[in-house]
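[1] generate coordinates for the sequence data below:
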Amino acid sequence: MNDSIPRRPSWIARALARVALEIGAIVLGVLLALAVSEWQQAADDRERLSAALGNVRHELTENLALLQRLHAANSAMVQRLEQDYEPADGDVQYVPGVQVSEAAWRALGSTGLTNLIEYPMLLELSRTYATIDVYRRAGYALMDANLTMLATASAQRQRADDPDVQRTFATNFLGQFRLLTEIEAELIQAHHAALTALGAGVDPEAAPPPAER
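    Numbers count the residues shown, from 1 in each chain. As a prediction, this is how the structure comes out:
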């Protein structure tokens, strides 16, 4: 009497092996497709980040040139006002650089790629653009105050170039001129630091150095 368990037919074993191989091939194919897709997405992200950082660098370079020109003129104006300014010395022409740009920085933020930038460089850029925002707000506040003063002078039938109006303007806004000039100096230094950081601020495994486009 044979008590052994009957063995399954060999065709069943062969069918199961074939099914296992097919499932394995499908899983491997899916994993390879996902890997290729992720690699392609990473390559696309690196290219987009490179272009975005190039735009930021160009924006900061233009901002810096503008700020340096304005700071030289505005610093000279503040010195004049501090040295017993008289209206006969000329009109008070303090020009805040409210046209400094933030467009490229905002565009970079909208890409969702800032997580690929090394933290020290990202922090440097964030500080620079935060200072730009403060500077622009202070500049617009000064412009609004100037318009209010001119409107008041006009209502009193005084000309904008009237010596009394010029003296009042110089006296009342000297503190704001000093503050804006100090912010300009800080902003120029921040731009230099940010531009230096942009040369090597990208994680080498996450994105290549920014390229000029």
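
[2] low-confidence ranges in the chain?
    Under the criterion pLDDT under 70, the flagged ranges of the chain are 1-9, 37, 41-42, 84-92, 150, 153, 158-166, 200-213.

[3] buried stuff in stretch 112-124?
    Residues Leu113, Leu116, Ile117, Glu118, Met121, Leu122, Glu124 are the ones in stretch 112-124 that count as buried (16 or more other CB atoms under 10 Å). C-beta here means a position set from N, CA and C on the backbone, and glycine is covered the same way.

[4] tell me how far the fourth one lies from Ser50.
    Spelled out, that is Glu118. Here Glu118 is placed at a distance of 14 Å from Ser50 (CB to CB, to the nearest Å).

[5] now do the second one
    Using CB to CB, we find Leu116 at a distance of 10 Å from Ser50.

[6] by residue count, tell me the biggest helix in the protein.
    For the chain, the longest helix by residue count, based on DSSP state H, is helix 10-82.

[7] any idea which helix or strand comes after it?
    Downstream of helix 10-82, the next assigned helix or strand under DSSP states H and E is helix 103-111.

[8] report the angle between the next helix or strand along the chain from that next one and helix 103-111.
    Toward the C-terminus, helix 103-111 is succeeded by helix 119-155 as the next helix or strand (DSSP H and E). Relative orientation of helix 119-155 versus helix 103-111 (axes from the mean of the first three to the mean of the last three CA atoms, to 10 degrees): 130 degrees.

[9] packing partners of the very next helix or strand once past helix 119-155?
    As assigned by DSSP H and E, the chain's next helix or strand after helix 119-155 is helix 163-198. Other helices and strands packing on helix 163-198, by 3 or more CB pairs under 8 Å, 6 or more residues apart in numbering; DSSP states H and E, are helix 10-82, helix 119-155.

[10] quick one, helix 163-198 and helix 10-82 angle?
    150 degrees.

[11] return the set of buried residues in helix 163-198.
    For helix 163-198, the neighbour count (16+ other CB under 10 Å) marks 165-166, 168-170, 173-174, 176-177, 180-181, 183-184, 187-188, 190-191, 194-195, 197-198 as buried.

[12] measure Ile132 to Glu62 for me?
    Distance, Ile132 to Glu62, using CB to CB: 12 Å.

[13] wait, His192
    Per CB to CB, His192 is found 14 Å from Glu62.

[14] you'd agree Tyr140 is up against Val98?
    Yes: between Tyr140 and Val98 there is a contact at 5.8 Å, judged by CB atoms under 8 Å.

[15] ok, back up a step: farthest-apart pair in the buried residues of stretch 112-124, please.
    Leu113 and Glu124 (16.7 Å; CB to CB).

[16] and Asn74, what does it touch?
    Tyr94, Val95, Pro96, Phe177, Leu180, Thr181, Glu184 (CB atoms under 8 Å, 6 or more residues apart in numbering).

[17] can you rerun that using 10 Å?
    Residues near Asn74 by CB atoms under 10 Å, 6 or more residues apart in numbering: Leu67, Gln93, Tyr94, Val95, Pro96, Gly97, Phe177, Arg178, Leu180, Thr181, Glu184.
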